[in-house]
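**Q** Provided below for reference: sequence and predicted model.
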Amino acid sequence: MALQDVSGFQDTPMSHRWNTPVSLSGPMGDTTPLLDMADERILGWGRFKSSERDGEVPLRFFIPTPQSSVPFRCDNRHTSLSSLSTSSSPPTRRPFPLCHGTTTLAFVFQGGVIAAADTRASCSGHVACPSAQKILPIHSHLLVTTSGSGADCMLWERILAREIRLYQLRHGRRLSITGSAKLLSHMLHPFKGTDVCVAATLCGWDRCGPKLFYVCSDGTRLQGELFSVGSGSPYAYGVLDGEVRWSLNEQEAISLAREAVYRATHRDAYSGNCVDLFHITAQGYCRRDREDLREEYHRERERERVLKRGKEKSEEDKK
Amino acid sequence: MFATQVYGDNGKMKEYHYTGPVEHRFSPYSFNGGTVLAVAGEDFAIVASDTRLSEGYSIHSRDSPKCYKLTDTTVIGCSGFHGDCLTLTKIIDARLKMYKHSNNKCMTSGAIAAMLSTILYGRRFFPYYVYNIIGGLDEEGKGAVYSFDPVGSYQRDTYKAGGSASAMLQPLLDNQIGFKNMEGVQHLPLSQEKAVQLVKDVFISAAERDVYTGDALRICIITKEGIKEETVPLRKD
């Protein structure tokens, strides 16, 4: 698909219809309600304008148009009647909840960037997947950690990967991490105010060294050296703030990241199961095996038991 | 699991007592029940669904299976809102034909999964209320199961249950197929006969405890020889 767009390949005779410079349009708002246009939009087929780049559309969205263009709000058990009546048009409630809840963290140190995340995908009290992958590699030197709504993160990262690859094919060099963060932030900007929920940290190594960015769907884009995102982030921050230093060696950094995720999963109900750890250096990223934190819990209990026994014994000896 | 607010502010149940003024609005969605299950083996995949179509307290049909054959090596199971299931399968069929005509080959299971993810996300702001599970054989002939949420987030699993009884069936599958939470048990690979028997047992249990599951069970077994279908009766009450 990327190569097709770069080479300007016009697929079928219908392609002129696909080159409409429209990113978010409702089906009723069109002045030319050709059946084929509606069909093509319904079929979800979005095509790039291969000639100009200003009208490029990452993905075609079907935005239903009620009386006003207020987008939908997600079904919330806490939505009361008063908040509904203040909105100008009644939003259709989604009858299902979206998946949220996670702990992800990333920090920069002298040996590169460490990214760690738990693997539980929860959905309003039910664990939808105990082995989700929340750290997605975009290319050999860039990882994105996902937090927020699972589907939003997965799709936007696919779109980001495609855009970065297109940039690389068009310009012959890789987009910098700063540029990738800006690209993601600008792509998400039209959806500010809707319930698209993406809170991603881009961790990578480019020409300027290790970089870490936090990009959020409400428009935040920050560069930093330590970020933790998600419902378990306060607990992870507690562990990380005490220990993270630039001069950590690789083993210490990895065990610190593991410990932070473990503590967060222990206290946060929406995080849990296993921990994924990635380490990015100038040569690229390398992934460590997924570890089940249940074993970690048992190991810690065992260690405490041994220590306690040792302490009791020494007290008895003293007496 | 899908109940929004059963109790009103004064502690009384909304469906039976007066709990204050309620604003009624047309909802374009409806929940038609049904459970879908998929299991992937070494060289086979099984997609099974019950055939009951219900709405509220009524049963619309006892013979409405939720597995749809897409290609010779892929079957999709869709449960949730039946209107969206039908439209979604029509759209997938159309896209499969378009792909076949422009690329001169059938879509693989992985490609169908990725395509479905973008189709579902294209309706992020007015989603298809469908819980999909795709079961089939991948390019190497191994079984593959892809499970989706209504907005397009997906991943490849070994087994997955979706629909109204999913919360009951998933832990059972975790235990019997994933051998999770058991100690000292030998991890034997799943044979096709054992998998089919397990699916039948699991649906019989689901029909006992979930009101929206029952009537009959349709099993599609996908192997490199093709797709075989079996129908097993379940409780009709």
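**A** Looks like it came in fine. Here the structure is a predicted model, which means the values were calculated and not measured.
**Q** correct me, but residue A:194 touches residue B:125?
**A** Yes. Residue A:194 lies in contact with residue B:125 (CB atoms under 8 Å); the separation is 6.7 Å. Using the backbone N, CA and C atoms, a C-beta is placed for each residue, glycine as well.
**Q** the more surrounded of these two?
**A** Neighbour totals were compared for residue A:194 and residue B:125, and residue B:125 leads with 21 against 18 (other CB atoms under 10 Å in any protein chain shown).
**Q** which SS class is that one?
**A** When classified by DSSP: H, G, I helix; E, B strand; the rest coil, residue B:125 comes out as coil.
**Q** swap in residue A:127?
**A** Three-state assignment for residue A:127 (three-state DSSP): strand.
**Q** give me the phi and psi for residue B:169.
**A** The phi and psi torsions at residue B:169 (degrees, to the nearest 10) take the values phi -80, psi -30.
**Q** do you know the pLDDT at it?
**A** Residue B:169 is assigned 92 on the pLDDT scale.
**Q** show me where pLDDT drops low in chain B?
**A** B:1-11, B:14-15 (pLDDT under 70).
**Q** what about the strands in it?
**A** B:35-40, B:45-50, B:53-55, B:58-61, B:67-71, B:74-80, B:130-137, B:143-148, B:154-157, B:159-163, B:216-223, B:226-233 (DSSP state E).
**Q** count the neighbours of residue 228 for me.
**A** Here I'm looking at chain A. Neighbour count for residue A:228, taken as other CB under 10 Å: 28.
**Q** actually chain B
**A** Each residue near residue B:228 was counted by other CB under 10 Å, and the total is 13.
**Q** swap in residue B:32?
**A** 25.
**Q** my guess is it contacts residue B:56, does it?
**A** No. The pair residue B:32 / residue B:56 is not scored as a contact, 9.7 Å apart, by CB under 8 Å.
**Q** can I get the strands of chain B in TSV including distance to chain A?
**A** Compiled in TSV, the strands of chain B are given as follows (distance: least, CB to the nearest CB, whole Å):
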stretch	distance to chain A
strand B:35-40	14
strand B:45-50	19
strand B:53-55	13
strand B:58-61	18
strand B:67-71	16
strand B:74-80	8
strand B:130-137	8
strand B:143-148	8
strand B:154-157	7
strand B:159-163	9
strand B:216-223	23
strand B:226-233	25
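**Q** what is the distance between stretch B:41-60 and the centre of its chain?
**A** Its chain's C-alpha centre and that of stretch B:41-60 lie 7 Å apart, by CA atoms, centre = their mean, to the nearest Å.
**Q** ok, and for it, which residues are buried?
**A** Residues of stretch B:41-60 classed as buried by neighbour count (16 or more other CB atoms under 10 Å in any protein chain shown): B:41, B:44-54, B:59.
**Q** extract the C-alpha set from that stretch and format it as PDB.
**A** Taking C-alpha atoms only, stretch B:41-60 is exported to PDB below (Å, rounded to 0.1, in the frame of the first residue of the first chain):
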ATOM      1  CA  GLY B  41      -5.000 -26.300  16.900                       C
ATOM      2  CA  GLU B  42      -1.800 -27.400  15.200                       C
ATOM      3  CA  ASP B  43      -3.400 -27.900  11.800                       C
ATOM      4  CA  PHE B  44      -7.000 -27.100  12.400                       C
ATOM      5  CA  ALA B  45      -9.300 -24.400  13.700                       C
ATOM      6  CA  ILE B  46     -12.800 -24.600  15.100                       C
ATOM      7  CA  VAL B  47     -15.300 -21.800  15.100                       C
ATOM      8  CA  ALA B  48     -18.500 -22.600  16.900                       C
ATOM      9  CA  SER B  49     -21.600 -20.600  17.800                       C
ATOM     10  CA  ASP B  50     -25.100 -21.100  19.200                       C
ATOM     11  CA  THR B  51     -28.000 -20.400  16.900                       C
ATOM     12  CA  ARG B  52     -30.400 -18.500  19.100                       C
ATOM     13  CA  LEU B  53     -31.500 -15.000  18.100                       C
ATOM     14  CA  SER B  54     -33.100 -13.200  21.000                       C
ATOM     15  CA  GLU B  55     -34.100  -9.600  21.900                       C
ATOM     16  CA  GLY B  56     -35.000  -8.700  25.400                       C
ATOM     17  CA  TYR B  57     -37.300 -11.400  26.700                       C
ATOM     18  CA  SER B  58     -38.200 -12.900  23.300                       C
ATOM     19  CA  ILE B  59     -36.600 -15.400  21.000                       C
ATOM     20  CA  HIS B  60     -36.800 -14.300  17.400                       C
END
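**Q** hmm, the longest helix along chain A touching chain B?
**A** Using DSSP state H, we find that the single longest helix of chain A is helix A:293-318. No. Counting by CB under 8 Å from any CB of the partner chain, chain B has no neighbours in helix A:293-318; the shortest distance is 9.4 Å.
**Q** tell me what that helix is packed against?
**A** helix A:250-267 (3 or more CB pairs under 8 Å, 6 or more residues apart in numbering or on different chains; DSSP states H and E).
**Q** so which elements touch the helix it packs on?
**A** strand A:103-109, strand A:112-118, helix A:233-243, strand A:274-281, helix A:293-318.
**Q** assign a three-state SS to residue A:286, would you?
**A** Under three-state DSSP, the three-state class of residue A:286 is strand.
**Q** residues contacting it?
**A** With contact set as CB atoms under 8 Å, 6 or more residues apart in numbering or on different chains, residue A:286 has these partners: A:278-279.
**Q** so which residues make contact with the biggest helix by length in chain B?
**A** What stands out as the longest helix in chain B, according to DSSP H, is helix B:82-103. Residues outside helix B:82-103 that contact it (CB under 8 Å, 6+ apart) are A:11-12, A:42-45, B:29-30, B:32, B:53, B:64, B:66, B:68, B:70-71, B:76, B:78-79, B:106-107, B:111-112, B:115-116, B:119-120, B:128-130, B:132.
**Q** could you check which residue of the stretch 151-300 of chain A lies nearest chain B?
**A** Nearest residue of the stretch 151-300 of chain A to chain B (CB to the nearest CB) works out as residue A:151 at 3.6 Å.
**Q** which SSE is that residue in?
**A** helix A:150-171 (DSSP states H and E).
**Q** check which residues of that helix are buried.
**A** By 16+ other CB under 10 Å, the buried positions in helix A:150-171 come out as A:150-167.
**Q** just stretch A:108-124 next, same as before
**A** For stretch A:108-124, by 16+ other CB under 10 Å, it's A:108-109, A:111-124.
**Q** show me the two of these that sit farthest apart.
**A** Farthest-apart pair in those is A:111 and A:124; separation 39.3 Å (CB to CB).
**Q** now do stretch A:223-242: distance from first to last residue.
**A** 20 Å (CA to CA, to the nearest Å).
**Q** one more: stretch B:72-87?
**A** 21 Å.
**Q** mind putting the helices and strands packed on helix A:250-267 into TSV with mean pLDDT?
**A** Formatted as TSV, the helices and strands packed on helix A:250-267 follow (pLDDT from 0 to 100):
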stretch	mean pLDDT
strand A:103-109	93
strand A:112-118	92
helix A:233-243	91
strand A:274-281	90
helix A:293-318	83
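**Q** quick one: the host helix or strand of residue A:200 to strand A:112-118, angle?
**A** In the assignment (DSSP H and E), residue A:200 maps to strand A:199-206. If you take axes from the mean of the first three to the mean of the last three CA atoms, to 10 degrees, strand A:199-206 sits at 150 degrees to strand A:112-118.
**Q** packing partners of strand A:199-206?
**A** Counting by 3+ CB pairs under 8 Å, 6+ apart, strand A:199-206 packs on strand A:103-109, strand A:112-118, strand A:142-145, helix A:150-171, helix A:177-188, strand A:209-216, strand A:226-230, strand A:274-281.
**Q** so residue A:250 is in contact with residue A:279, correct?
**A** Yes. Contact criterion CB under 8 Å: residue A:250 and residue A:279 qualify, at 7.0 Å.
**Q** and these two? which has more neighbours close in?
**A** Shown here are residue A:250 and residue A:279; by other CB under 10 Å, residue A:279 has more neighbours (21 against 14).
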